[in-house]
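Visitor: my questions concern the predicted model and sequence given below.
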Amino acid sequence: MTQASQFALRRIIEQFASNARFCLICNYSSQIIPALQSRCTKFRFGPLSDEETEKRVRYIAEAEKIQVSDDGIKAILKLGKGDMRRILNVLQSTALTFPVIDSRAVHLTTGDPLPEDMQFLVKTLMSSKFEDCVNVVERMRSERGYSLVDIIREVHDIVKSIEMPRKPRILVHSDLADIEHRLCVGCFDRLHVPALVGSFIEARDIIVASAR
């Protein structure tokens, strides 16, 4: 909603406040102008739990006769992050594109990195040479169309689940956070691919040194 439309809505609310009630729903209240916010009572709702959203997704899938697998539902819930509107958008988009909704179909529809690609990338980062790792990341960016921000977020989730000593784990998490921050403020992806790989190379060196 543009600022001009919000000012128009404010005038409507002022004109009909005596005999009408208005309900505005948004994801980011900071995008609502102060003049409009001052005329509203705010109610903040946190993300829904996976148990709640899974029940609704299964109910809708059954009602609409949509074939969805367990890993497909898991992928939808992960990408939806408790936002029911986003979850239903992903479910609908995937159902329009694929006859059966599984994890791969969900990721291909949304453009998010495939789990198997990210598992392969982390394995490469933990074992291959610097140049080989850079080439793998660049191929995923060019051939798969993955953004480096999405790659970093998926890699971060995988790193949390693998065994790694405390010091290199903290190093990797800190570096990933710094890279993501720089990307979000406008830096180019290609400039930070070596930084991503370098963080894992440094972590590997620490692991090797501590094992001696």
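Guide: Done, it's in.
Visitor: could you find the closest non-adjacent residue to V159?
Guide: V172 (5.7 Å; C-beta to C-beta, 6 or more residues apart in numbering). For glycine as for every other residue, the C-beta is placed from the backbone atoms N, C-alpha and C.
Visitor: gap between the host helix or strand of the one you found and the chain center?
Guide: Using DSSP states H and E, V172 sits within helix 166-184. Its chain's C-alpha centre and that of helix 166-184 lie 17 Å apart, by C-alpha atoms, centre = their mean, to the nearest Å.
Visitor: could you list the buried residues of it?
Guide: For helix 166-184, burial by neighbour count (16 or more other C-beta atoms under 10 Å) applies to 168-169, 171-173, 175-176, 179-180, 183.
Visitor: and G111, how close does it get to V155?
Guide: G111 sits 17 Å away from V155, going by C-beta to C-beta, to the nearest Å.
Visitor: neighbour count for the two, which is higher?
Guide: Neighbour count, other C-beta atoms under 10 Å: between G111 and V155, V155 has more, with 22 against 11.
Visitor: surely the more buried one touches F120?
Guide: No - between V155 and F120 there is no contact under C-beta atoms under 8 Å: 11.2 Å.
Visitor: now the helix holding V172: average pLDDT?
Guide: Averaging pLDDT along helix 166-184 gives 92.
Visitor: contact partners of it?
Guide: 148-149, 152-153, 155-156, 159, 164, 189, 192, 195-196, 199-200, 202-204, 206-207, 210 (C-beta atoms under 8 Å, 6 or more residues apart in numbering).
Visitor: the most centrally placed residue in the chain: which element?
Guide: In the chain, the centroid-proximal residue (C-alpha atoms, centre = their mean) is L79; its distance is 5.9 Å. Here L79 sits within helix 70-80, counting by DSSP H and E.
Visitor: what about that helix, distance to the chain center?
Guide: Distance, centroid of helix 70-80 to centroid of chain: 12 Å (C-alpha atoms, centre = their mean).
Visitor: ditto for stretch 84-100
Guide: Relative to its chain's centre, stretch 84-100 lies at 16 Å (C-alpha atoms, centre = their mean).
Visitor: and that stretch, what's buried?
Guide: Going by 16+ other C-beta under 10 Å, stretch 84-100 has these buried residues: 87-88, 90-91, 94-95, 98.
Visitor: restrict stretch 120-135 to CA atoms and write it as CSV.
Guide: Only the C-alpha atoms of stretch 120-135 are listed here, as CSV (Å, rounded to 0.1, in the frame of the first residue of the first chain):
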residue,chain,number,x,y,z
PHE,A,120,26.8,-31.5,-1.4
LEU,A,121,28.0,-27.9,-1.0
VAL,A,122,28.7,-28.3,2.7
LYS,A,123,30.5,-31.6,2.0
THR,A,124,32.6,-29.8,-0.6
LEU,A,125,33.4,-26.8,1.7
MET,A,126,34.6,-29.2,4.4
SER,A,127,36.9,-31.3,2.2
SER,A,128,37.9,-29.7,-1.2
LYS,A,129,40.4,-27.1,-2.3
PHE,A,130,39.7,-23.4,-2.2
GLU,A,131,39.4,-23.1,-6.0
ASP,A,132,37.1,-26.2,-6.3
CYS,A,133,34.8,-24.8,-3.6
VAL,A,134,34.6,-21.4,-5.3
ASN,A,135,33.7,-23.1,-8.6
